[in-house]
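Q: pasting a predicted model and its sequence here:
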Amino acid sequence: MWAGGPFLNVGGMDERIVMVDSGTGRTLTEEELDERSATAGVRLRRKGVRRGDGVLVCLPAGPDLLVAFVAVIAAGGVIWSLPADLEAGALRERVRQSCARVMISNVRPALDAADESCVRVVLGIEDLYGPGPYRA
């Protein structure tokens with residue numbers, strides 16, 4: 001169980017829900033997590049992510065963030081997580097210093113920072129697995 005924040009593990013329910021976003025009420029089932037992260041992992045590999053590659057992930061806390069984390073691991077990448085609410089200047093500096101070639105984000109300051117960095121592939125969550133039924 002995650003304490004605080006938007007995550008709450010309510011495993012063991014009939015649908016095998018692994019996460020409920022307390023801010024929106026969106027749920028993510030074990031089946032959805034497996035399906036979306038497998039699809040996203042394949043797409044990351046097709047975009048060139050290989051074992052040990054750093055992948056920047058800058059998404060708001062919620063089901064999409066969990067899917068992205070599992071997908072990066074499935075592709076063999078190393079997660080470089082950046083808080084989605086980080087101040088733009090600090091975010092830009094961290095992206096620039098990372099030397100990562102791949103970023104998963106839908107956060108405007110992170111996308112802007114990618115233009116000034118080593119990042120060559122920028123993917124939104126929809127690019128990885130498309131919209132899910134739990135999405136608002």
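A: Sure thing, it's come through.
Q: what does the worst-scoring helix or strand of the chain on mean pLDDT rub up against?
A: Least confident helix or strand of the chain, by mean pLDDT, DSSP states H and E, is helix 125-129 with a mean of 86. The contact list for helix 125-129, computed with CB atoms under 8 Å, 6 or more residues apart in numbering, reads 35-37, 39-40, 43-44, 59, 64, 67-68, 71, 104, 106. The C-beta positions use only the backbone N, C-alpha and C, and glycine is treated the same way.
Q: buried ones among these?
A: 36-37, 39-40, 43-44, 59, 64, 67-68, 71, 104, 106 (16 or more other CB atoms under 10 Å).
Q: in JSON lines: those, plus distance to Leu123, secondary structure and pLDDT.
A: Compiled in JSON lines, the buried ones among the contacts of helix 125-129 are given as follows (distance: CB to CB, whole Å; DSSP: H, G, I helix; E, B strand; the rest coil; pLDDT from 0 to 100):
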{"residue": "Arg36", "distance to Leu123": "13", "secondary structure": "helix", "pLDDT": "93"}
{"residue": "Ser37", "distance to Leu123": "14", "secondary structure": "helix", "pLDDT": "94"}
{"residue": "Thr39", "distance to Leu123": "12", "secondary structure": "helix", "pLDDT": "94"}
{"residue": "Ala40", "distance to Leu123": "9", "secondary structure": "helix", "pLDDT": "95"}
{"residue": "Arg43", "distance to Leu123": "8", "secondary structure": "helix", "pLDDT": "95"}
{"residue": "Leu44", "distance to Leu123": "8", "secondary structure": "helix", "pLDDT": "96"}
{"residue": "Leu59", "distance to Leu123": "11", "secondary structure": "coil", "pLDDT": "95"}
{"residue": "Asp64", "distance to Leu123": "12", "secondary structure": "helix", "pLDDT": "91"}
{"residue": "Val67", "distance to Leu123": "12", "secondary structure": "helix", "pLDDT": "94"}
{"residue": "Ala68", "distance to Leu123": "9", "secondary structure": "helix", "pLDDT": "96"}
{"residue": "Ala71", "distance to Leu123": "10", "secondary structure": "helix", "pLDDT": "97"}
{"residue": "Ile104", "distance to Leu123": "5", "secondary structure": "strand", "pLDDT": "97"}
{"residue": "Asn106", "distance to Leu123": "9", "secondary structure": "coil", "pLDDT": "93"}
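Q: nothing else from me, thank you.
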